[in-house]
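Peer 1: no FASTA, just this:
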């Protein structure tokens, strides 16, 4: 292991190096982000004006479904796994991931899984059209034939997630440098440890759900069919028992990233480190016992509605602790506003906004009004996009000099941020208005009174889409022709083991573990 | 925390990407089999996966014999196996959860209990909730969409107790957990002969369990009118016992491999993780069976 990377395609196909595998994860997830983004652009183009302009309603349903599936499972989740691959060994002083060959396997499953999923678009009957939550019986009795490919695709993608998570847990628990105690771990590592635990706990639940779908569709069982004694509502319970931890799987690593960036550019240590760790753990715990707040209108006993309402509101407490800590870290800090910091601050503001609309949705009687409306779409894009994707963009700008040894163009970076920020808000604030005015989600067409805000929202979406192409340009031009930035500590205020390494980080790092005081 | 100065990072390997290809082909092939009845690609994928796993495990075993594995690396394998078993626990939790939900909530609601009884009663007026569910709601409504089972697998009464296969299966599987533990104890004291004998006994018990399980299924399908399609009772029964049986098959196979390795003299008092991991897996399927015996067979 003394030598550098292999030559040719074999370097990537047969990789065991955490940096190479991390790089593949990042590029793969970005390509999925562009694919899912293209679907979003089709959706917004169709909704630009009332009436059916460009596509058929059936295809519109396939677009909303595939947009959600690809963004959640193909773009956001793998992007943070890529970040974990790159950064966790560097941040804990490990030579690599604990199980390097399995690491490669978990990555390479993804291209096959998503090729299978995307290929359903070209099959007879079309792609899955039942929404990314694939509720039975839409996804069983009334599903297109391609649903079987979707199910097996989910199986192998889930296997990839489980293996990736086991690897992360083993790495964090077993490969920390001497002196790197648990309560000295960088917060990004902590959030990923907890995320990996959530993934190992709930991906098998998703596998069980799709397996029961498979049996109902092909082998005559009646899990989700009341005629045989089953219950379609059971599907929703199982799905959201997976689905609610899943949204924290998406957001917790993003919290970790923000907790790295904000102290660096505030030139202060993170405020309330241990409370951050405990808050993250509390959020993870609560994520298992609040799932049915997604089902207030499905029908459940009143005691159930009350319990899930209050339990859900509890989540605001640990989340509030986090937001408080980020703001307090910045308070009286020596702030500068480089691109990563802009993204981080935007996350704090916009994610908090999304959290508040989440609280509105947590109130069962109010939710009965908002449910399945564009208000919900607005809400979860504020947490998914402005929470997870923004912090991912910030993370790329933050660590790009460490990865490549080159500095991005600050002006271009800031410009990209502002276009993304403005575009995002133009796209999604109006969706809250649309929802409150009564526009249901997942519809290909709408009543005339919704025209104006839909047009505004589409314009914002196109702007946000353009910002992502600019992001791609910024990253590539940094790699190709960025100004060399070889000092160990790219950012003046940065703390942590990764900033003790040269930039770009050598192919093999920490072959002998550093001592942490 | 790291204690060694060097952690073995393997050279690049062709196995993982081939394993991913195999899984991709299996997913594609399984879809094609269900949609078009074409099984070719599924077989190619499965064969490739078996080959990859064979070579992969052989590589790992050879690395260990060559002394390339530090104690720290071995701990990584321990964590890996533990969390894998935890993920399996969660997989079974879904099906147990399904069983509990159906028995305690869904069926009573269908039978007219709860807040919305008046409405549900309009849909299934003749249906009575019971467990095991012998008459499905569709039967009660005069349709044959789902036909309940003729007989179920519940406790047949004390007099017929010893003709009840699940009881024997329980005895066999619990015994096998004990014999695996004896094997573990033996190898810890470097008694390889005893180790091999106890492990062979465990494998044999595993095979007997699977044979009886096959008998039970055969009886269910041919004599009891109990199939996958027998409403929710058949669905949950075969899903739970079927996935358990699949795991016992895997576990027996794992123990068999360890037996072959034991006969080759791979294990010693301080190095037997391949066996230990398999034994953990075996204890895990045993615990799942205990849950199945209780909730699927006895409390029915």
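Peer 2: Noted; the coordinates are in hand. From a predicted model like this one, the values you see are computed outputs, not experimental measurements.
Peer 1: what's around residue 10, how many residues?
Peer 2: By default, I'm working from chain A. Summarising burial for residue A:10: neighbours were counted as other CB atoms under 10 Å in any protein chain shown, giving 13. No exception for glycine: its C-beta is placed from N, CA and C like everyone else's.
Peer 1: let's do chain B instead
Peer 2: For residue B:10, the count of nearby residues is 18 (other CB under 10 Å).
Peer 1: And residue B:62, by the same measure?
Peer 2: Under the neighbour criterion other CB under 10 Å, residue B:62 is assigned a count of 10.
Peer 1: Now do it, the pLDDT please.
Peer 2: Among the per-residue scores, residue B:62 shows a pLDDT of 94.
Peer 1: Return the list of helices and strands in contact with the helix or strand that it is a member of.
Peer 2: Using DSSP states H and E, residue B:62 sits within helix B:40-65. Counting contacts by 3 or more CB pairs under 8 Å, 6 or more residues apart in numbering or on different chains; DSSP states H and E, helix B:40-65 is packed against helix B:15-36.
Peer 1: what comes up buried for the helix it packs on?
Peer 2: Residues B:15-35 are the ones in helix B:15-36 that count as buried (16 or more other CB atoms under 10 Å in any protein chain shown).
Peer 1: domains in chain B, as residue ranges please.
Peer 2: Domain assignment for chain B by automatic domain parsing gives B:8-69, B:70-298.
Peer 1: residues contacting the nearest residue to residue B:77 once chain neighbours are set aside?
Peer 2: Of all residues beyond its chain neighbours, the one nearest residue B:77 is residue B:273 (6.0 Å), with distances taken as CB to CB, 6 or more residues apart in numbering or on different chains. Taking CB atoms under 8 Å, 6 or more residues apart in numbering or on different chains, we find residue B:273 in contact with B:74, B:77, B:78.
Peer 1: residues in contact with the residue lying closest to residue A:449 once chain neighbours are set aside?
Peer 2: If the residues on either side of it in the chain are set aside, residue A:449 comes closest to residue A:437, at 7.1 Å by CB to CB, 6+ apart. Listed by CB under 8 Å, 6+ apart, the contact partners of residue A:437 are A:449, A:450, A:453.
Peer 1: rewinding a little: I'd like the domains of chain B written out as JSON lines, with distance to residue A:11 added.
Peer 2: As requested, those are exported to JSON lines (distance: least, CB to CB, whole Å):
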{"stretch": "domain B:8-69", "distance to residue A:11": "7"}
{"stretch": "domain B:70-298", "distance to residue A:11": "24"}
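Peer 1: Now for residue B:134, how many residues are close by?
Peer 2: Once other CB under 10 Å is used to define contacts, residue B:134 is seen to have 15 neighbours.
Peer 1: typo on my end, it should be residue B:277
Peer 2: Residues within reach of residue B:277, counting by other CB under 10 Å, total 19.
Peer 1: hang on, it packs against residue B:79?
Peer 2: No - in this structure, residue B:277 is not within contact of residue B:79 by CB atoms under 8 Å, at 11.2 Å.
Peer 1: Just the element for the residue in chain B sticking out farthest from the centre, please.
Peer 2: Relative to the mean C-alpha coordinate of chain B, counting by CA atoms, centre = their mean, the farthest residue is residue B:118 (40.9 Å). Secondary structure from DSSP H and E places residue B:118 in helix B:117-123.
Peer 1: per-residue confidence averaged over that helix?
Peer 2: Within the predicted structure, the mean pLDDT of helix B:117-123 is 77.
Peer 1: what does it rub up against?
Peer 2: Helix B:117-123 is contacted by residues A:226, B:109, B:110, B:112, B:114 when judged by CB under 8 Å, 6+ apart.
Peer 1: The fourth one belongs to a strand?
Peer 2: By that I understand residue B:112. No - with the criterion set as DSSP: H, G, I helix; E, B strand; the rest coil, the secondary structure at residue B:112 is coil rather than a strand.
Peer 1: That one: what's it in contact with?
Peer 2: By CB under 8 Å, 6+ apart, residue B:112 lies in contact with B:120, B:121, B:127, B:129.
Peer 1: Name the residues of the stretch 101-250 of chain B found near chain A, please.
Peer 2: Within reach of chain A by CB under 8 Å from any CB of the partner chain, the stretch 101-250 of chain B has these residues: B:101-102, B:105-107, B:109-110, B:114-116, B:123-124, B:133, B:136-138, B:141, B:143, B:145-146, B:148, B:227-229, B:231-236, B:238-239.
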